[in-house]
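**Q** next comes the sequence, and after it the predicted model I'd like to discuss.
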Amino acid sequence: MPRTHQPCPCGKSSDAYTEFDNGGGYCHSGKCGGTYFPGKGEVPNDVRAEECTFEHLPFRGLTRETLQKYDILTKIAPDGRPISVGLLYAGGAVKVRKIGNGDFPKDAGNIYTQGSISTAGLFAADKFPAGSARSITIVEGEFDAPSVYQMLGSKYPCVSVQSSSSAKRDCTVHWDYLNSFERIYLALDADEPGQKATRDIAGLFDFNKVYHVRLSREYKDGNGYLQSGAGEEFKRSWYNAKRFMPEGIVSSFSEVKEILAQAKNKPTERYPFPTLQEMTDGIRTGEFVLVTALEGIGKTEFIRRIESTMLAETKDRIGIIHLEEGKDRVIKGLAGHQLRQPVHLPGSNVSDDEIFTAYQALVRDDERCHIYGHVGSDDPNDILDTARFLTAACGCRRIFLDHLTMAVTGWETEDERRTLDYLSTALARMCNELDFTLFCVSHVNDDGLTRGSRNISKVAHTWVHLDRDVSADNDFVRNIARVTIKKNRPTGRTGPAGKLIFNPETFMLNELSEELPS
């Protein structure tokens, strides 16, 4: 018969030790860290489940109430010895951690899973409804989540990634859930893998809502604070958390050297138009490329030509946000470039199977081209969230937004200029922060200024303008678009950048090398 409320052999507790018949025992006190002391003639770890009981057994400083909230159960052998702890994820996946001599062994063989743990996402995401509180805290480790919850109180949801290496994947699975909270606090381990995971997660969300809880290396993680009795110190760190800073201040020579090396290694792709390529030296990540023209000039087909070239000639993932086209039009446009014919037009006589085959041949790899098609107006914050998700979660290096003004049309505000100022500035910052290329289309007014907001052209790194004589009597002349570079931060070269000819038979733009007819 187990004897409870005994003094612990560790000397840290006078009444939290349970001694079993075999001479072993288990300390329930957080001071001891939930330690098991082996006895003679122990029952093997492979005791059959039907012979065991499952309880919310306090350990590592966690109370029974906290364990009930997180539904963390301990498997207990017939002699009263704890064998393992089960951690239940949403969807039914379970991670089991065996209890050995003195706590949880670190060997990989002492942890096993049941169910689809790789797609389970965050631990405890099912314990708190989406948007149920102002904030949510993300930690690294299933025992850290209930520890932080216990230290902060029941009004503060806390979930955990499965590990530092899977942090971005886990948060991507529950991206909509996490984004439903006004603030996201990151309190991952203080070591380098934990801090890298912090940076990875922060990149998934709006900069303004991510807060960084800086943990002491003395305690390392949430459960370390709890077991050390440092709950008040953790709360101070949490309440003093500042917005996550994507990049620190550069001061050392080694940091400067690293930045220069990274800049040289940035991938540069080519434009499909030789003169534009020559004047810009190509396409770079971290840059905002603005494409403008009056309505009906051919901005979308200009952008589509770059999209199809990216898919055909590179391995980059791309994100397409065409606000005036449905997804079917985007797909047919890309397939048409592959087939060199306008399959979207009535009477094209190209079947859906042929369109799919052409699209598949162009894109090549599944999950490589991500299409967000929406006909109508959107909250500009939705556009920012979509662009961030496509880049940070889907790995898109090139984002195509056509067109910017459409993102605010119909939004509940009378100040279109301020909204466009905000949206264009946020997009430009995001390009730099997440290191992707944004190709952004905007209309211009009769004075050649970006419609609605001059800030759009101010924040752009490169500004490409198109014009053509839509009223020309000659069909050939009417299909000529003149390209002008109005701004070029990368190389400084501005001015005429060639002429493009639209081929109605292929529905594609190509550079015109010969002179125009008189």
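**A** On my side now, so go ahead.
**Q** what about the strands in the stretch 101-250 of the chain?
**A** Secondary structure of the stretch 101-250 of the chain, counting by DSSP state E, counting those that start in this stretch: strands at 111-114, 135-140, 158-161, 183-186, 210-212, 242-243.
**Q** distance to Thr275 and mean neighbour count for these - can I get that in JSON lines?
**A** Glycine gets a C-beta too; all of them are placed from N, C-alpha and C. Formatted as JSON lines, the strands of the stretch 101-250 of the chain follow (distance: least, Cβ to Cβ, whole Å; neighbours: other Cβ atoms under 10 Å):
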{"stretch": "strand 111-114", "distance to Thr275": "57", "mean neighbour count": "14"}
{"stretch": "strand 135-140", "distance to Thr275": "49", "mean neighbour count": "26"}
{"stretch": "strand 158-161", "distance to Thr275": "48", "mean neighbour count": "27"}
{"stretch": "strand 183-186", "distance to Thr275": "46", "mean neighbour count": "21"}
{"stretch": "strand 210-212", "distance to Thr275": "42", "mean neighbour count": "20"}
{"stretch": "strand 242-243", "distance to Thr275": "43", "mean neighbour count": "11"}
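**Q** which intervals of this protein have sub-threshold pLDDT?
**A** 1-4, 9-13, 16-50, 101-109, 246-252, 255, 263-267, 373-378, 409-414, 514-518 (pLDDT under 70).
**Q** quick revisit: so can I have JSON lines of the strands of the stretch 101-250 of the chain showing distance to Ala202?
**A** Formatted as JSON lines, these follow (distance: least, Cβ to Cβ, whole Å):
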{"stretch": "strand 111-114", "distance to Ala202": "27"}
{"stretch": "strand 135-140", "distance to Ala202": "10"}
{"stretch": "strand 158-161", "distance to Ala202": "13"}
{"stretch": "strand 183-186", "distance to Ala202": "6"}
{"stretch": "strand 210-212", "distance to Ala202": "5"}
{"stretch": "strand 242-243", "distance to Ala202": "10"}
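**Q** what's the next secondary structure element after the helix ranked longest in the chain?
**A** With secondary structure taken from DSSP state H, the chain has its longest helix at helix 416-434. Tracing the chain C-terminally past helix 416-434 and defining elements by DSSP states H and E, one meets strand 437-443 next.
**Q** and that next one, what does it pack onto?
**A** strand 288-293, helix 299-313, strand 396-402, helix 416-434, helix 455-459 (3 or more Cβ pairs under 8 Å, 6 or more residues apart in numbering; DSSP states H and E).
**Q** turn these into a markdown table, columns for distance to Ile76.
**A** Below are these laid out as a markdown table (distance: least, Cβ to Cβ, whole Å):
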| stretch | distance to Ile76 |
| --- | --- |
| strand 288-293 | 60 |
| helix 299-313 | 57 |
| strand 396-402 | 49 |
| helix 416-434 | 48 |
| helix 455-459 | 62 |
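**Q** circling back: do you know which of the strands of the stretch 101-250 of the chain lies nearest Lys75?
**A** When the strands of the stretch 101-250 of the chain are compared by Cβ to Cβ, strand 111-114 sits nearest Lys75, at 12.7 Å.
**Q** what's in contact with that closest one?
**A** For strand 111-114, the external contacting residues (Cβ atoms under 8 Å, 6 or more residues apart in numbering) are 93-98.
**Q** chain center to it: distance?
**A** 27 Å (Cα atoms, centre = their mean, to the nearest Å).
**Q** equivalent analysis for stretch 462-477, please.
**A** 40 Å.
**Q** use 829 as the first number for this chain going forward.
**A** Sure thing, new numbering starts at 829, so read that last one as stretch 1290-1305.
**Q** quick check: buried residues in it?
**A** Under the neighbour-count criterion of 16 or more other Cβ atoms under 10 Å, stretch 1290-1305 has 1290-1296 buried.
**Q** what's the domain layout of the protein?
**A** 831-947, 953-1071, 1096-1340 (automatic domain parsing).
**Q** redo these as JSON lines? Include distance to Phe1081.
**A** JSON lines is the format used below for those (distance: least, Cβ to Cβ, whole Å):
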{"stretch": "domain 831-947", "distance to Phe1081": "38"}
{"stretch": "domain 953-1071", "distance to Phe1081": "21"}
{"stretch": "domain 1096-1340", "distance to Phe1081": "23"}
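**Q** which ones among the contacts of strand 939-942 map onto strands?
**A** Of these, the ones assigned to strands by DSSP state E are 922-926.
**Q** neighbour-wise, give me the winner out of those.
**A** Within the ones in strands among the contacts of strand 939-942, neighbour counts (other Cβ atoms under 10 Å) peak at Lys923, which reaches 19 neighbours.
**Q** in space, what's closest to it - neighbours in sequence excluded?
**A** Leu915 (4.5 Å; Cβ to Cβ, 6 or more residues apart in numbering).
**Q** show me the contacts for that neighbour.
**A** So Leu915 contacts 900, 922-925, 951, 970 (Cβ under 8 Å, 6+ apart).
**Q** tell me which helix or strand it sits in.
**A** strand 910-916.
**Q** so which bits of that strand are buried?
**A** 910-913, 915-916.
**Q** ok so, going back, of the buried residues of stretch 1290-1305, which is the nearest to Glu1153?
**A** Once Cβ to Cβ is applied, the member of the buried residues of stretch 1290-1305 that ends up nearest Glu1153 is Leu1294, at 18.1 Å.
**Q** next, the closest one: secondary structure please.
**A** Secondary structure state of Leu1294, per DSSP: H, G, I helix; E, B strand; the rest coil, is strand.
**Q** tell me how many other residues crowd Gly1050.
**A** Neighbours around Gly1050, by other Cβ under 10 Å: 32.
**Q** list the single closest residue to it in space, sequence neighbours excluded.
**A** Asp972 (3.6 Å).
**Q** quick check: the one you found touching Asp1049?
**A** Yes: Asp972 is within contact range of Asp1049, at 4.9 Å (criterion: Cβ atoms under 8 Å).
**Q** ok, these two, which is more surrounded?
**A** Asp972 (27 against 23).
**Q** OK, contacts around Asn1283?
**A** So Asn1283 contacts 1248-1249, 1252-1253 (Cβ under 8 Å, 6+ apart).
**Q** equivalent analysis for Thr891, please.
**A** When contacts are counted by Cβ under 8 Å, 6+ apart, Thr891 touches Gln978.
**Q** cool, thanks, talk later.
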